[in-house]
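Q: take a look and give me a structure for this.
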Amino acid sequence: MNFGLDRLLSDAALRAPLKGRRVALLAHPASVTKELTHAVDALAACPEITLSAAFGPQHGMKGDLQDNMMESPDYRDPVHGIPVFSLYGDVRRPRDEWMETFDVILIDLQDLGCRIYTYVTTLLYVLEAAAKHGKAVWVLDRPNPAGRPVEGLTLKPGYESFVGAGPMPMRHGMTMGELGLWFVDHFKLDVDYRVIEMQGWAPDQGPGFGWPLGERSWVNPSPNAPNLSMARAYAGTVMLEGATLSEGRGTTRPLELFGAPDIDARAVIAEMQALAPDWLAGCVLRPMWFEPTFHKHVGKLCSGVQIHVDDPAYDHAAFRPWRVQALGFKAIRRLYPDYDLWRDFPYEYAFGKLPVDVINGGPVLREWVDDAGATPADLDAATKPDEAAWEEARRPFRLY
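A: Numbers count the residues shown, from 1 in each chain. This next block holds a predicted model:
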């Protein structure tokens with residue numbers, strides 16, 4: 001199959017509208033061709049394309065910054081001599097003067113298919129700036145490695161943030177190109193927008209179900225996104241960033257597990273299975289031990305639960321990562337009623353709200369976990385209408 005970048009590089013007709021125009025690139029380490037050449041180098045080698053600037057999202061163009069809320073500086077590319085502006089530094093939105101450095105911006109960002117992954121919000125902010133300044137935006141489309149399934153609560157009004165660009169569920173099931181189409185329509189943006197589509201993407205086909213396993217190398221789009229298993233689990237495990245439990249940062253399997261020194265993982269798994277066995281379909285939970293080398297519980301032995309979503313146990317249609325992690329929280333709350341579960345700090349610069357609420361786009365999930373009488377059926381009742389509504393809302397914008 002071919003990603004949008006590969007198609008643009010191989011088809012002169014697609015590149016023709018770029019001739020004579022100043023071109024910027026928004027990219028990160030996973031913005032590579034099938035031969036693993038970075039987009040900035042591949043595009044700079046095209047005679048018809050005049051690269052005038054580049055932009056880096058969270059974690060930087062180089063992808064070197066491990067944690068959230070670690071800002072990247074602006075710099076000048078040492079090879080191509082163009083300025084590289086940081087969209088996760090002093091600002092999150094492009095400065096007006098930066099928008100004057102190009103006519104067309106190419107966005108080539110590998111997403112993980114999750115609302116909270118900030119490249120989604122960066123796409124919206126660039127579209128809004130382009131509409132203001134009369135610039136064109138082209139998305140060079142890439143696969144959603146989590147595939148087409150939809151899951152989670154819709155972000156509620158008043159909970160918009162850098163990890164919540166708009167009223168979509170946690171697992172949106174769209175590509176970046178498709179999300180751009182939805183943004184343009186939903187926010188009524190008057191912008192010159194184009195998607196260079198993929199060829200041959202088969203999100204319903206195994207064993208990849210969204211990612212072309214065996215055809216394309218996985219390159220980390222951010223430091224703690226090391227493999228397809230993480231991408232599959234992320235729409236659930238990302239909620240751990242709002243909890244005191246470790247999500248495995250500081251281990252070799254970040255965001256595929258959760259744990260802490262003061263829980264019993266075997267008991268947690270047993271409680272999860274007793275509460276809602278149907279929510280655990282499609283994956284295997286394994287009790288394990290880990291000791292983070294940095295981040296939460298650094299240097300402490302943790303009892304943990306690893307979420308296995310590998311062949312042959314993985315069932316793509318059945319796996320619901322958001323519910324799996326919600327159930328993990330609920331099991332811990334039932335086993336340890338007074339457990340200090342929720343972190344309290346201005347997550348992604350959202351002040352006055354608990355991080356887990358910012359992540360979920362509202363308090364419903366946390367309130368369900370903390371309510372001793374709330375059942376899995378109650379959370380389903382709150383969530384399923386949101387999921388059904390998004391299925392309909394996204395339908396007109398699906399390209400594949």
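
Q: check the secondary structure at residue 378 for me.
A: helix (DSSP: H, G, I helix; E, B strand; the rest coil).

Q: what's the pLDDT at it?
A: For residue 378, the model assigns a pLDDT of 98.

Q: OK, contacts around it?
A: The neighbours of residue 378, taking CB atoms under 8 Å, 6 or more residues apart in numbering as the test, are residue 368. Bear in mind the C-beta positions are built from the backbone N, C-alpha and C, glycine included.

Q: let me know the average pLDDT across stretch 94-112.
A: The average pLDDT within stretch 94-112 is 98.

Q: buried sites along that stretch?
A: Judged by neighbour count using 16 or more other CB atoms under 10 Å, the buried positions of stretch 94-112 are 94, 98-99, 101-112.

Q: ok, stretch 291-311 next?
A: 292, 295, 296, 297, 302, 303, 304, 305, 306, 307, 309.

Q: now stretch 329-343
A: Buried residues in stretch 329-343, counted by 16+ other CB under 10 Å: 329, 330, 331, 332, 333, 334, 336, 339, 341, 342, 343.

Q: then stretch 47-64?
A: Applying 16+ other CB under 10 Å to stretch 47-64 flags 49-61, 63 as buried.

Q: out of the residues you listed, flag the one nearest to residue 212.
A: The closest of the buried residues of stretch 47-64 to residue 212 turns out to be residue 63 (CB to CB; 21.1 Å).

Q: picking up where we left off before, least confident of the buried residues of stretch 47-64?
A: The member of those with the lowest pLDDT is residue 63, at 62.

Q: circling back: which of the buried residues of stretch 94-112 sit farthest apart?
A: 103 and 112, at 29.9 Å, using CB to CB across these.

Q: contacting residues for residue 41?
A: Residue 41 neighbours (CB under 8 Å, 6+ apart): 79, 80.

Q: beyond the host helix or strand of it, next helix or strand please.
A: For residue 41, the enclosing helix or strand under DSSP states H and E is helix 39-44. Note on helix 39-44: by DSSP H and E, the next helix or strand toward the C-terminus is strand 50-56.

Q: strands paired with that following strand, and their directions?
A: As defined by DSSP bridges, the strand partners of strand 50-56 come to strand 22-27 (parallel), strand 83-86 (parallel).

Q: and the ones you listed, which one is worst for confidence?
A: strand 83-86 (a mean of 95).

Q: where does the stretch 51-200 of the chain dip in pLDDT?
A: Judged by pLDDT under 70, the stretch 51-200 of the chain has its weakly predicted residues at 63-70.

Q: quick check: the two most widely separated of the buried residues of stretch 329-343?
A: Spatial extent of the buried residues of stretch 329-343 (CB to CB) is set by the pair 334 and 343 at 20.1 Å.

Q: pretty sure residue 330 sits against residue 368.
A: Yes: using CB atoms under 8 Å, residue 330 is in contact with residue 368, at 7.5 Å.

Q: name the nearest of the buried residues of stretch 291-311 relative to residue 88.
A: For these, the nearest to residue 88 is residue 295 (18.8 Å; CB to CB).

Q: leaving out sequence neighbours, find the closest residue to the closest one.
A: residue 249 (3.9 Å; CB to CB, 6 or more residues apart in numbering).

Q: go on, residue 116?
A: Nearest to residue 116 is residue 163, by CB to CB, 6+ apart, at 4.2 Å.

Q: how close does the one you found sit to residue 170?
A: 10 Å (CB to CB, to the nearest Å).

Q: could you do residue 275 as well?
A: Counting by CB to CB - residue 275 and residue 170 are separated by 20 Å.

Q: neighbour count: these two, which is higher?
A: Comparing residue 275 with residue 170 by other CB atoms under 10 Å, the one with more neighbours is residue 170, at 30 against 15.

Q: wait, isn't the more buried one in contact with residue 154?
A: No: contact criterion CB under 8 Å: residue 170 and residue 154 do not qualify, at 9.0 Å.

Q: between these two, what contacts are shared?
A: Counting by CB under 8 Å, 6+ apart, the residues touching both residue 170 and residue 154 are residue 361.
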